[in-house]
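Trainee: What follows is a predicted structure for the sequence shown.
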Amino acid sequence: MDHAQNLTTSNMHNARIGKTTQVALANVKTNAKKPNIATSIVPKAVARIRQDIKSWNKALQLTKLEDNPKWFLYHQLLDEIGLDALLTSQYKNRLLKALSENIILKKPNGDVDQEQTDLLNNAVFTNDINGHILDSIYKGHSLIELSFNDDERLKVDLIPRANVDPTFGAVYPDYTEDKKILYRDTAEYGTWLLEFGKPKDYGLFNNAVPHVLFKRFAQSCWSELCEIYGIPPRFMKTNTQDPTMVKRAENMMTDMGAAAWFIIDESESFEFAKGVSTSGDVYGNLITLCNNEISMLISGAVIGQDTKNGNRSKDESSQEMLQTLIESDLSLLEAYWNTSVIPALVNLGVLKGELVYAYEQTEDLEQLWKMTSEALPYYDVNPEWVKEKFGIDVLGKKEAPQQNNLNLGFDFFD
C-alpha cells in the first residue's frame, strides 16, 4: 500500500513538473535538455598541410567508399579554401543579405501572428538555424542538434561535418574509426535532430576548390618573382679552401643586407638563367580568371572587382542577378522551416499552433516612386500612403504660383 502510494505521489509529482517545465521562450518552462550526439564528438588536432589537386581528389575518393565513407578530409579542405579573401567576401555578402530579411509567421487564415513573429526575429537561435540551412548550399549538408541550456533557452549545435556521413546517415564520434551512430534511426531525429541539404551533394564550395588552389599557386609564384626582381641574390668569389677568407666573406655578405647571398670559389662562375622576360602578367591574369570564376559561382556575376572594364549598368545587372539568388535562398529557408523546423519547434513547445513561415515581399521603391510621380498630375494620391512608403511628410496640396502677367496697355509708349 505504501509502495503504491509512493508511486502515485511520484507520478503526481512528475506530472506537476511536466506541466510547469515547458519552454521559457513560449512563456512555458521545461527541464534543460542536454545534447547527446554533439557531446560525443572526439576533438581532433588538425595539422595544416599544403593542399593541391591531388589532395582534393583523395578527399573526394574517401567520400565515395562503399563501406564507411569518410568526409573529414573533404571538409578540412573546404575549411582551408575558406581562408581565401574573395571567396569569403562573396559568400558572406550573399549569406548576410538573406539573414537580414524580416521574418513573418502567418496563421492558417493568413493573419500575421505578431507575438511569435517578434519572438523569431529577436531570437539568436533563428539566425543559427538559418545560417546552417544556407551553409548546406555551400558545403552540401548540415546536421544540427537542438537542446535547452540551464537558462531554459533553445540552443543549436552543429554536428561537425567532418564527423557526418550524409550518404548513409551516420555520425562518427571519432572520424578516424569505424564506430558510428545511425542518427536517422534514433527517436530524436526530426525533433531534436534536423538535417538540411542533399545526401550526395558536395556544395558550391566544391566547385571553387580548383580556382582557389590555382589562385594560391599563382600568388606564391608571383611573390617569388617579386623577390627575385626586387632584391636579386648576391654572390661573392673567394678562395673557398681558406677558412679565414670564407669567414671574412660571410661577414661581409651578412653586413651588406638581408638579400639572399652565397659564396663560390674563384675558379667557379655563376650566371642568371635567361627565361621569358615578364612583369608577372601571366600570374595576374590567372589570379583574375580565378577571381572571376569564384564570383560567378557564388554571386552569379562579377560584382565590383573589375574596375578596369566595369561600368554602372554592368554592376546593376550583376546586383539583380545576386538578388535573384538571394530570393532563391529565401525560398529554401521557407521550405525547410515549414516542413522541418516549425513542426520540431512546436513539438518542443517553442512555438504554438499552426504557422506558416514567410518573408515580407520587398518592393522596388525606385520604380514605385517613378509610377507615383507620373500619376500625380492626373490622380490624387493619399498623403498618408506616401509618408508610409517613402518617408515624405506631405502636409497637403501646394497652391500653384500665380503668373505675373504684365498687361501694360496700348498707351504705354504713347
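Mentor: All right, it came through fine.
Trainee: hey, where'd the strands end up in the stretch 201-350 of the chain?
Mentor: 234-238, 261-265 (DSSP state E, counting those that start in this stretch).
Trainee: out of the ones you listed, nearest to R48?
Mentor: Closest approach to R48 among those (C-beta to C-beta): strand 261-265, 30.8 Å. Heads up, the C-betas are built off the backbone N, CA and C, glycines and all.
Trainee: Can you tell me which helices and strands that closest one packs against?
Mentor: Contacts defined by 3 or more C-beta pairs under 8 Å, 6 or more residues apart in numbering; DSSP states H and E place strand 261-265 against strand 234-238, helix 243-255.
Trainee: Out of those, which is the most enclosed?
Mentor: Each of the helices and strands packed on strand 261-265 was scored by mean neighbour count; the highest is strand 234-238, a mean of 15, by mean count of other C-beta atoms under 10 Å.
Trainee: State the mean pLDDT of that strand.
Mentor: Strand 234-238 carries an average pLDDT of 81.
Trainee: With stretch 121-132 instead?
Mentor: 94.
Trainee: longest single strand anywhere in the chain?
Mentor: Longest strand of the chain, by residue count under DSSP state E: strand 141-148.
Trainee: N338 is nearest to which of the helices and strands packed on strand 261-265?
Mentor: Using C-beta to C-beta, the nearest of those to N338 is strand 234-238, at 69.7 Å.
Trainee: Need the helices and strands packed on strand 261-265 in CSV (columns: distance to N291).
Mentor: As requested, the helices and strands packed on strand 261-265 are exported to CSV (distance: least, C-beta to C-beta, whole Å):
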stretch, distance to N291
strand 234-238, 36
helix 243-255, 40
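Trainee: Can you tell me which of these is nearest to S295?
Mentor: Among the helices and strands packed on strand 261-265, the nearest to S295 by C-beta to C-beta is strand 234-238 (42.2 Å).
Trainee: secondary structure element for Y138?
Mentor: helix 124-139 (DSSP states H and E).
Trainee: do I104 as well
Mentor: Applying DSSP H and E as the criterion places I104 in strand 103-106.
Trainee: And for that strand, what's in contact with it?
Mentor: Contacts of strand 103-106 with the rest of the structure, by C-beta atoms under 8 Å, 6 or more residues apart in numbering, involve 112-113, 116-117, 120-121, 126, 351, 355-360.
Trainee: How far off centre is that strand?
Mentor: Put simply, strand 103-106 sits 23 Å off its chain's centre (C-alpha atoms, centre = their mean, to the nearest Å).
Trainee: what comes up buried for it?
Mentor: Buried residues in strand 103-106, counting neighbours by 16 or more other C-beta atoms under 10 Å, are found at 103-105.
Trainee: could you dump the next helix or strand after it to PDB, C-alpha only?
Mentor: Remark: after strand 103-106, the chain's next helix or strand is helix 114-122, criterion DSSP H and E. The C-alpha coordinates for helix 114-122 follow below in PDB (Å, rounded to 0.1, in the frame of the first residue of the first chain):
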ATOM      1  CA  GLN A 114       2.800  39.200 -34.400                       C
ATOM      2  CA  GLU A 115       3.800  37.800 -31.000                       C
ATOM      3  CA  GLN A 116       5.600  34.800 -32.400                       C
ATOM      4  CA  THR A 117       6.900  36.700 -35.300                       C
ATOM      5  CA  ASP A 118       8.700  39.100 -32.900                       C
ATOM      6  CA  LEU A 119       9.900  36.000 -31.000                       C
ATOM      7  CA  LEU A 120      11.700  34.600 -34.100                       C
ATOM      8  CA  ASN A 121      13.100  37.900 -35.300                       C
ATOM      9  CA  ASN A 122      14.600  38.600 -31.900                       C
END
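Trainee: Show me what helix 114-122 is packed up against.
Mentor: Counting by 3+ C-beta pairs under 8 Å, 6+ apart, helix 114-122 packs on strand 103-106.
Trainee: Name the spans of the stretch 1-150 of the chain whose pLDDT lies under the cut-off.
Mentor: Along the stretch 1-150 of the chain, the parts satisfying pLDDT under 70 run over 1-32.
Trainee: Leaving out the residues flanking it, which one is nearest to E293?
Mentor: Counting by C-beta to C-beta, 6 or more residues apart in numbering, H211 is the residue found nearest to E293 once chain neighbours are left out, at 4.7 Å.
Trainee: Tell me how many other residues crowd that neighbour.
Mentor: Per other C-beta atoms under 10 Å, the neighbour tally for H211 reads 24.
Trainee: Now do the contacts for it.
Mentor: Contacts of H211 (C-beta under 8 Å, 6+ apart): 290, 293-294, 297.
Trainee: again, but for A162
Mentor: Per C-beta under 8 Å, 6+ apart, neighbours of A162: 44, 71-72, 75-76, 175.
Trainee: Can I get the contacts of strand 103-106 in TSV including distance to D265?
Mentor: Formatted as TSV, these follow (distance: C-beta to C-beta, whole Å):
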residue	distance to D265
V112	87
D113	87
Q116	84
T117	82
L120	78
N121	77
T126	73
L351	83
L355	85
V356	84
Y357	79
A358	81
Y359	76
E360	79
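Trainee: and the two most separated of those?
Mentor: The farthest-apart pair in the contacts of strand 103-106, when distances are taken by C-beta to C-beta, is L351 and E360, at 19.0 Å.
Trainee: And stretch 167-187, what's buried?
Mentor: For stretch 167-187, using 16+ other C-beta under 10 Å, the buried residues are 169-172, 175, 180-181, 183.
Trainee: ugh, typo on my part, it should be stretch 151-164
Mentor: Buried residues in stretch 151-164, counting neighbours by 16+ other C-beta under 10 Å, are found at 152-157, 159-164.
Trainee: re the thing from before, of the contacts of H211, buried ones?
Mentor: Among these, those scoring as buried are 290, 293-294, 297 (criterion: 16+ other C-beta under 10 Å).
Trainee: can you give me the angle the top helix by length along the chain makes with helix 124-139?
Mentor: If you go by DSSP state H, the chain has its longest helix at helix 204-230. Counting by axes from the mean of the first three to the mean of the last three C-alpha atoms, to 10 degrees, helix 204-230 lies at 70 degrees to helix 124-139.
Trainee: tell me the mean pLDDT over helix 204-230?
Mentor: pLDDT averaged over helix 204-230 gives 87.
Trainee: how far does that helix sit from the chain's center?
Mentor: That offset, for helix 204-230, works out to 23 Å (C-alpha atoms, centre = their mean).
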